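In: What shape does this take:
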Amino acid sequence: MFRWGIIGTGGIARAFADDITNLRDHKVCAVLSRNIETAKQFSHSINDCLGYDNQQAFLNDDNIDAVYVATPNNLHCNQTILALKACKPVLCEKPFSMDADEAHLMIQTSKKFSTTLLDGMWMRYLPHILKLKEIINERHIGDIQSIYACHGQNLQWSKNPRLWTKELGGGALLDLGIYVVSFCHMILGKPENIVSQSVFTDNNIDAKTTMIFKYNNGIIANLSCSMFDSQPNRAVISGTKGYIELDPTFYAPTSMTLSINNGDLIHYKNEYKGHGLREQAIEMEHCVKNKLIESSKMPHRDTLEVINIMDEVRDKIGLTFK
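Out: Numbering: from 1, shown residues only. Reported below is the predicted structural model:
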């Protein structure tokens, strides 16, 4: 049995705990919260799960094989480093860090203590993404010419402070834009040039951001994210022979259509059951058992490049978290 400890008790922590119930050999055995009552409330519905409000006691629990960090963005770096120093493998929820400096520290700590560290960009571990890469590598759409991806959710109703507070790393870019940036990087790598514009809230965080990435070979990527309006949440990769369209929501288990220039259409159904967060849990178990400190599906190099792209976009739009 691969045993998880979760830091955080928010929606994504609950979704992770619920999704790994689909796995016979994974379970949540501990949860850490600032408030013991909140920890107990979270753990109450999970068999043999302990609630903690003391971080050191949590990290000293020998029943924890890996830690899932599912707290607000500004806590990721410190909590990840403390867990790694305790030789606890870490799956850190996206965005991996607030900036590249934090990401470097986290990865350096992983190497120093020879302890697994995975980026919780769960999209990268999903079966339909592996199929997408296969279609591209087999050149069914020829040479890629452009990418379009959007991620918009109307979150104006939400009072969750992590979305709207500058010091917590709030805003559309880190919460939603990370998906379109990571998706584009997964296909094309680091862009040559970035153009970006944003609309800001009264709290000086981005409510919506649009990005254009240009690559040396002439490829253009059009990306957008928004917390003020619902968008199609589709992604399209087009090439010289056709295009692939990922249905909503592109970063979650979904269906796809391959459209060839001669008119042929090939549909790939979504037969996945559950949320999809458990795939990164499976990858963590694989890495730990094989003594790997990073995943080939989301290596540390990719994490650093994505965070560096995010930093460049923030610089372009003037978004800071201090």
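
In: Show me what the lengthiest helix in the chain is packed up against.
Out: Ranked by number of residues, the top helix in the chain under DSSP state H is helix 300-317. Helix 300-317 sits against helix 100-112, strand 117-120, helix 178-188, strand 193-200, strand 206-214, with contacts defined as 3 or more Cβ pairs under 8 Å, 6 or more residues apart in numbering; DSSP states H and E. C-beta coordinates here come from the backbone N, C-alpha and C atoms, glycine included.

In: any idea of the angle that helix forms with helix 100-112?
Out: For helix 300-317 against helix 100-112, the angle between stretch directions is 170 degrees (axes from the mean of the first three to the mean of the last three Cα atoms, to 10 degrees).

In: Just want the angle from helix 300-317 to strand 206-214.
Out: 110 degrees.

In: So, low pLDDT: which residues of the chain?
Out: Filtered on pLDDT under 70, the chain yields no residues whatsoever.

In: measure the residue located most distally from the centre of it to Lys241 for me?
Out: Within the chain, Asn262 marks the point farthest from the mean C-alpha position, 35.8 Å out by Cα atoms, centre = their mean. Distance of Asn262 to Lys241, computed by Cβ to Cβ, to the nearest Å: 9 Å.

In: same check, this time on Tyr268
Out: Using Cβ to Cβ, Tyr268 is found at 17 Å from Lys241.

In: and if you look at Leu188?
Out: Remark: distance between Leu188 and Lys241 (Cβ to Cβ) = 17 Å.

In: Quick one: the helices in the stretch 1-150 of the chain, in order.
Out: All helices of the stretch 1-150 of the chain, identified by DSSP state H, counting those that start in this stretch, fall at 11-19, 36-43, 55-59, 76-85, 100-112, 127-137.

In: Next, the angle from the longest helix of the chain to strand 193-200.
Out: Following the same axes, to 10 degrees, one obtains 60 degrees for the angle between helix 300-317 and strand 193-200.

In: which residues does the most centrally placed residue in the chain contact?
Out: Nearest to the geometric centre of the chain sits Met121, at 2.3 Å (Cα atoms, centre = their mean). Residues near Met121 by Cβ atoms under 8 Å, 6 or more residues apart in numbering: Lys94, Phe96, Ile178, Tyr179, Ser182, Met298, Thr303, Val306.

In: And for stretch 45-56, what's in contact with it?
Out: 7, 17, 27-36, 39-43, 58, 61, 79, 82.

In: Any idea how far apart the tips of that stretch sit?
Out: End-to-end distance for stretch 45-56: 24 Å, by Cα to Cα, to the nearest Å.

In: For that stretch, buried residues please.
Out: Ile46, Cys49, Leu50, Gly51, Tyr52, Asp53, Gln55 (16 or more other Cβ atoms under 10 Å).

In: out of the residues you listed, who's nearest Asn217?
Out: Gln55 (47.2 Å; Cβ to Cβ).

In: Out of the helices of the stretch 1-150 of the chain, which is closest to Gln197?
Out: Among the helices of the stretch 1-150 of the chain, helix 100-112 sits nearest to Gln197 (Cβ to Cβ), with 21.9 Å.
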